[in-house]
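[1] My questions concern the predicted model and sequence given below.
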Amino acid sequence: MKKILLDSKLTQYKANMHTHSTVSDGLKTPEELRDMYMAEGYSIVAYTDHDIFVCHNDLSNEHFLALNGFELGGFAEYGKSNWEAKVCHICYVALEPDNVRHPVWHRSKYLYGNAVSYRDTQAFYEDEPDFERSYTPECINEAIRRGREKGFFVTHNHPYFSLEEPCDYLSYEGHSAFEIMNYVSNFNGISGCHSVAYDALLRQGKRLVAIAGDDNHNFVHDSFGAFTMIAAERLEYREITKALEEGRCYASEGPEIKEIWVEDGKLHVKSSPAKHIKFSSNSRWGQTFFGENGELIAEAEYEILPEVKYMRITIVDDHNRCAYSRGYFIDELLPQNE
Ligand SMILES: [Zn+2]
Ligand SMILES: [Zn+2]
């Protein structure tokens, strides 16, 4: 029997899940970002300005959806200079379009750039004390917990740019997703690709969706390099956030994943033309499939070993750009093994 994991019958909507506008320290206005991303074939932009949560529902139209969010920073290692301190950045995207209250607000700290001028417009939980941020797993996990509790899709971002070590990000609990590719970190950070960190998280059993985003501020060419494809029936706010919650999406720098399914004990994938297709898991061993005589391939299958914890798929195109499936755990792949 065929079990579909990424359904080719659904429409895949192209999303930039991490962007900065003139609401904080970006160069483009929210409207300009909508127009430039729409012109490149995107249907969705998650507005994730630093620390301030502004509603952008007025930007949405029949062909474009603005997701309301923000990127929480302000967690910085104590006593170190700005350029060598570890930090932690987390993107929050509201699951509902009418959820406009900041879940971890501080009345007087943490805002910078143009965000300062929005302080007095911010809605928040007025009966709660100011949320003080410190770079400890306890504080970061509390920020994640409050975000989830108050209706947000919560993604841990770019640990390599943030100088975070495995001992740091493996201690974070309860978030929804992990930023496997942060495009701007290819230029101003150590590396944008976090696939090794993603496997470390999956090996620990953390069921995190894989997200890619540009993290563009538009001072350099930092747009259109990393996106998330979200499979849904309609381009409606809750349909899209539900698809994210359910992991009906993948991360990419270019290649497309058209369908993923399980059949006869094997994991199958169909993709855009690829130089190779790689299956990996928590096992030391995986398998990479190449076309014959250097030809490109667009489909592959690989046996699901019942003893693996999870599997994931990487598609690599002839420009060495990757698409990354999320990790699929064994109870999804082989339900009878639960
Ligand atoms: Zn960041
Ligand atoms: Zn950012």
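    Done, it's in. Numbers count the residues shown, from 1 in each chain. Ligands and ions are numbered 1, 2, ... in the order given.
[2] what does the stretch 201-338 of the chain put close to ligand 2?
    Asp215 (CB under 5 Å from the ion). The C-beta positions use only the backbone N, C-alpha and C, and glycine is treated the same way.
[3] Quick one: neighbours of the closest residue to ligand 2 within the stretch 201-338 of the chain, just the number.
    Relative to ligand 2, the nearest point of the stretch 201-338 of the chain is Asp215 (4.2 Å; CB to the ion). Neighbours of Asp215 under the rule other CB atoms under 10 Å: 31.
[4] That one reaches His158, doesn't it?
    Yes: counting by CB atoms under 8 Å, Asp215 touches His158, with 7.0 Å between them.
[5] Now for those two: what residues contact both?
    Common contact partners of Asp215 and His158 (CB atoms under 8 Å, 6 or more residues apart in numbering): Asn182, Ser185.
[6] so who does Arg207 touch?
    Residues in contact with Arg207 (CB under 8 Å, 6+ apart) are Gly327, Phe329.
[7] Model confidence for it, exactly?
    Listed pLDDT for Arg207 reads 98.
[8] Same check on Ala143?
    What the model reports as pLDDT for Ala143 is 98.
[9] How about the contacts made by it?
    Counting by CB under 8 Å, 6+ apart, Ala143 has contacts Leu72, Phe75, Ile90, Val104, Phe131, Arg133.
[10] ok, which stretches of this structure are helices?
    Taking DSSP state H as the criterion, the chain carries its helices at 30-39, 137-149, 166-169, 185-188, 195-203, 237-245, 330-333.
[11] Lowest average confidence across these, which one?
    helix 185-188 (a mean of 92).
[12] is it up against ligand 2 anywhere?
    No: on the criterion CB under 5 Å from the ion, helix 185-188 is out of touch with ligand 2, staying 9.6 Å away.
[13] Just the CA atoms of that helix, as CSV, please.
    C-alpha atoms of helix 185-188 as CSV (Å, rounded to 0.1, in the frame of the first residue of the first chain):
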residue,chain,number,x,y,z
SER,A,185,24.9,33.1,6.2
ASN,A,186,26.7,31.9,3.1
PHE,A,187,28.0,35.5,2.7
ASN,A,188,28.2,37.0,6.2
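[14] That one: how far from the chain's middle?
    17 Å (CA atoms, centre = their mean, to the nearest Å).
[15] And the helix or strand bottoming out on mean pLDDT in the chain, what's buried?
    Ranking every helix and strand in the chain by mean pLDDT, DSSP states H and E puts helix 185-188 at the bottom, with a mean of 92. Judged by neighbour count using 16 or more other CB atoms under 10 Å, the buried positions of helix 185-188 are Ser185, Asn186.
[16] neighbouring contacts of that helix?
    His158, Tyr160, Phe161, Ser191, Gly192, Cys193, Asp215, Val220, Asp222, Gly225.
[17] from these, which would you call buried?
    Going by neighbour count (16+ other CB under 10 Å), the contacts of helix 185-188 have His158, Tyr160, Phe161, Gly192, Cys193, Asp215, Asp222, Gly225 buried.
[18] Pipe the helices of the chain into CSV and attach distance to Ser272 per row.
    Shown next, in CSV, are the helices of the chain (distance: least, CB to CB, whole Å):
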stretch, distance to Ser272
helix 30-39, 20
helix 137-149, 34
helix 166-169, 31
helix 185-188, 21
helix 195-203, 19
helix 237-245, 20
helix 330-333, 23
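[19] so which of those helices comes closest to Met17?
    Smallest distance to Met17 across these (CB to CB): 8.5 Å, for helix 237-245.
[20] Please name every helix or strand in contact with that closest one.
    With contacts taken as 3 or more CB pairs under 8 Å, 6 or more residues apart in numbering; DSSP states H and E, helix 237-245 sits against strand 65-76, strand 87-94, strand 152-156, strand 227-232.
[21] center of the chain - which residue?
    Ile211 (2.3 Å; CA atoms, centre = their mean).
[22] so how far is His319 from the residue lying farthest from the centre of the chain?
    Computed with CA atoms, centre = their mean, the residue of the chain farthest from its C-alpha average is Asn293, at 35.5 Å. Distance, Asn293 to His319, by CB to CB, to the nearest Å: 20 Å.
[23] wait, what's in contact with the nearest residue to Arg238 once chain neighbours are set aside?
    With sequence-adjacent residues excluded and distances taken as CB to CB, 6 or more residues apart in numbering, Arg238 is closest to Glu96, at 6.5 Å. Glu96 makes contact with Gly151, Tyr237, Arg238, Thr241 under the criterion CB under 8 Å, 6+ apart.
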